[in-house]
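Structure, please.
(one chain, ligands or ions: 1)
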Amino acid sequence: MTTIRPLRADEQALLSQATLGNINWAGPRYALDDVMNTPTIAHYVAADEGLVAEDGGPVGVVWLRFFPADDPGYGFVEESIPELSIWVAEGHRGRGLGGQLLDGIVALAREKDMPGISLSVEKGNPARHLYERHGFLPAGDGYDSGTLVLRF
Ligand SMILES: CC(C)(COP(=O)(O)OP(=O)(O)OC[C@H]1O[C@@H](n2cnc3c(N)ncnc32)[C@H](O)[C@@H]1OP(=O)(O)O)[C@@H](O)C(=O)NCCC(=O)NCCS
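Numbering: from 1, shown residues only. Got it, this is the predicted structure:
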């Protein structure tokens, strides 16, 4: 049975594994060293809020990170809106876990009075359907078409 629990501060290794899974969504293009040695990727290996799906060990994670305007993430919209990252382990995908994690983190962000959540999704990534189903919309003029935002 899968349960959802808060991300702990000591789970950096899980965030690096998940970040690697995210940049490799289209196939194995990068290694763990690339995550840690590329500053624009490495800054995703930290969380302000997060949730972990557990099934005998972590099988998925969603997390939020506030970025400053002078060191923005790919999905940066504004400093008060955190950027979301989400990853579910291969073999556990397509069964609703990603949706459950997304619902959970949206509820948490609302509880904490955050104004919204943004994210970046690369062209062709089927994950875009999942975000759109949860109400994320293109950030609009002046943003990359892969920058989506859910404002509360
Ligand atoms: C995107 C991801 C977190 C979704 O988790 P999940 O548990 O498979 O999600 P769910 O089962 O709740 O929903 C499936 C949705 O995700 C999309 N999806 C993306 N990759 C998928 C995969 N490998 N298998 C099944 N569905 C996938 C589907 O299009 C589906 O959306 P739809 O039902 O609206 O068509 C997960 O597939 C994943 O980790 N993918 C690789 C990393 C990645 O792309 N991360 C997002 C970067 S922006």
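
C-alpha only now, for contacts and for neighbours.
Fine.

Direction included, what does the helix or strand hosting R5 pair up with?
Counting by DSSP states H and E, the element that carries R5 is strand 3-6. Using DSSP bridges, the strands paired with strand 3-6 are strand 49-54 (antiparallel).

What's the mean pLDDT across the partner strand?
Throughout strand 49-54, pLDDT has a mean value of 98.

Where does the prediction get shaky in the chain?
For the chain, not a single residue meets the criterion pLDDT under 70.

if you go through it in chain order, where are the helices?
Secondary structure of the chain, counting by DSSP state H: helices at 12-23, 32-37, 39-42, 97-111, 127-133.

between the ones you listed, which gets nearest to S120?
Among these, the nearest to S120 by C-alpha to C-alpha is helix 127-133 (9.3 Å).

For L148, the count of nearby residues, please.
By other C-alpha atoms under 10 Å, 26 other residues sit near L148.

Name the nearest residue to it, sequence neighbours excluded.
The shortest distance from L148 to any residue other than its chain neighbours is 4.4 Å, reached at P138 (C-alpha to C-alpha, 6 or more residues apart in numbering).

That neighbour against R151, yeah?
No - look at P138 against R151 with C-alpha atoms under 8 Å: they stay out of range, at 11.0 Å.

Could you list which residues are in contact with the spatially most central residue of the chain?
The structure's the chain has its C-alpha centroid closest to S85; by C-alpha atoms, centre = their mean the separation is 0.8 Å. Contact analysis of S85 by C-alpha atoms under 8 Å, 6 or more residues apart in numbering lists T19, Y44, V62, W63, L64, L119.
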